[in-house]
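1. Provide a 3D model corresponding to the input given below.
(one chain, ligands or ions: 2)
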Amino acid sequence: MDSACCSKTCNPFTGAEANAVGVHVDKVSKTYSGVSVLSNISFDVQPGEIFVLMGPSGSGKSVLLRQIAGLERPTAGSITVDGQDPSLEETRDRVRLALVFQAGALFNSLSVYDNLALYPREHRLGSEAEIRERVMHALQILSVEKAASKLPSDLSGGMKKRVSIARALVIQPQLLLYDEPTSELDPVMAATIDEIIATLKDEIRVTSIVVSHDRDLALSIADRVGFLMDGRLIHIGPPSGLKAPEDPRIADFLNPKIDIRNPRFKSLEA
Ligand code: ADP
Ligand code: MG
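-> Numbers count the residues shown, from 1 in each chain. Ligands and ions are numbered 1, 2, ... in the order given. Coordinates of the predicted model:
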């Protein structure tokens with residue numbers, strides 16, 4: 001840790017206080033048409049921390065991420081990013097947060113370069129030359145600058161994920177939210193994405209919330225892990241807790257017991 005770091009600004013994660021922001025989630029609940037999806041969730045994420053949010057499909061991970069991104073508002077409770085409500089327009093002008101979507105959400109009709117330039121052009125974040133510099137820098141950080149003129153449909157799954165992350169970097173974010181960044185990737189490519197997330201937090205001094213059901217990702221990059229089950233945060237702690245989880249619900253999720261008498265596995269018996 002930097003020896004110049006004083007007790008007021010120091011944090012145990014990266015010394016990332018210059019850019020990264022903290023997140024405060026306080027008693028958040030969300031219902032859609034009266035159906036409860038998130039229930040009384042509270043946790044904090046420190047500036048510069050990598051917080052991994054795990055849980056089975058349908059447990060509410062993406063919904064929680066959308067509330068933190070300010071795309072939706074909780075039915076009850078509150079969320080702040082750097083002390084501000086992320087759903088307010090003025091917060092978006094002040095706090096730079098970016099969401100890396102599960103499926104990449106790139107426009108197939110636009111080149112990679114134009115996909116990345118879209119937001120800065122629309123929001124007039126500089127001259128075309130300045131935007132070019134931002135876009136190429138973001139592509140370079142992810143080592144995909146050669147893809148600039150390609151269409152997303154010409155890229156492999158791993159390249160697409162890198163480009164999606166690069167697109168998030170164009171706004172020089174203080175908070176990066178990732179939704180399943182390693183889904184649909186082979187283990188080698190998934191490990192590369194893990195490394196990228198870990199490197200980014202140091203290189204661009206960013207706070208990261210990573211939604212995933214990938215235990216290897218959590219073990220390799222998380223400072224802390226939260227576990228969602230049926231819309232409730234049932235556990236929060238260091239990733240080492242995933243090695244031998246005490247909570248049987250978490251143990252069952254991480255090490256599912258496969259019953260080979262189940263008709264789905266008939267072919268394995270043969
Ligand atoms: P996951 O943990 O797999 O990301 P989600 O957060 O996507 O789960 O979804 C949690 C639950 O909320 C699911 O039952 C889903 O059907 C429901 N849900 C998500 N978005 C909406 C919506 N806009 N309207 C109604 N129900 C929703
Ligand atoms: Mg999801």
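2. so who does the residue most central in space within the chain touch?
-> For the chain, the residue lying nearest the average C-alpha position, counting by CA atoms, centre = their mean, turns out to be residue 178 (1.9 Å). Shown here is residue 178, whose contacts under the criterion CB atoms under 8 Å, 6 or more residues apart in numbering are 99, 100, 165, 197, 208, 209, 210, 211, 212. C-beta: built from backbone N, CA, C; applies to glycine.
3. Three-state assignment for it, please.
-> Per DSSP: H, G, I helix; E, B strand; the rest coil, the local secondary structure of residue 178 is strand.
4. so it bridges to which residues?
-> In this structure, residue 178 has the following beta-bridge partners (DSSP bridges): residue 100, residue 210.
5. Would you mind measuring from it to residue 109?
-> Counting by CB to CB, to the nearest Å, the gap between residue 178 and residue 109 amounts to 25 Å.
6. Look up how far residue 151 lies from the residue nearest to the centre of the chain.
-> When distances are taken as CB to CB, residue 178 and residue 151 turn out to be 23 Å apart.
7. likewise residue 86?
-> From residue 86 over to residue 151 the distance is 32 Å, taken as CB to CB.
8. all helices in the stretch 151-270 of the chain, in order from the N-terminus.
-> Read by DSSP state H, counting those that start in this stretch, the stretch 151-270 of the chain holds these helices, from start to end of the chain: 157-169, 187-203, 215-221, 248-254, 266-269.
9. what would those look like in JSON lines with mean pLDDT, mean neighbour count and distance to residue 134?
-> Output for those, formatted as JSON lines (pLDDT from 0 to 100; neighbours: other CB atoms under 10 Å; distance: least, CB to CB, whole Å):
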{"stretch": "helix 157-169", "mean pLDDT": "88", "mean neighbour count": "23", "distance to residue 134": "9"}
{"stretch": "helix 187-203", "mean pLDDT": "84", "mean neighbour count": "17", "distance to residue 134": "15"}
{"stretch": "helix 215-221", "mean pLDDT": "88", "mean neighbour count": "19", "distance to residue 134": "25"}
{"stretch": "helix 248-254", "mean pLDDT": "88", "mean neighbour count": "15", "distance to residue 134": "40"}
{"stretch": "helix 266-269", "mean pLDDT": "51", "mean neighbour count": "8", "distance to residue 134": "51"}
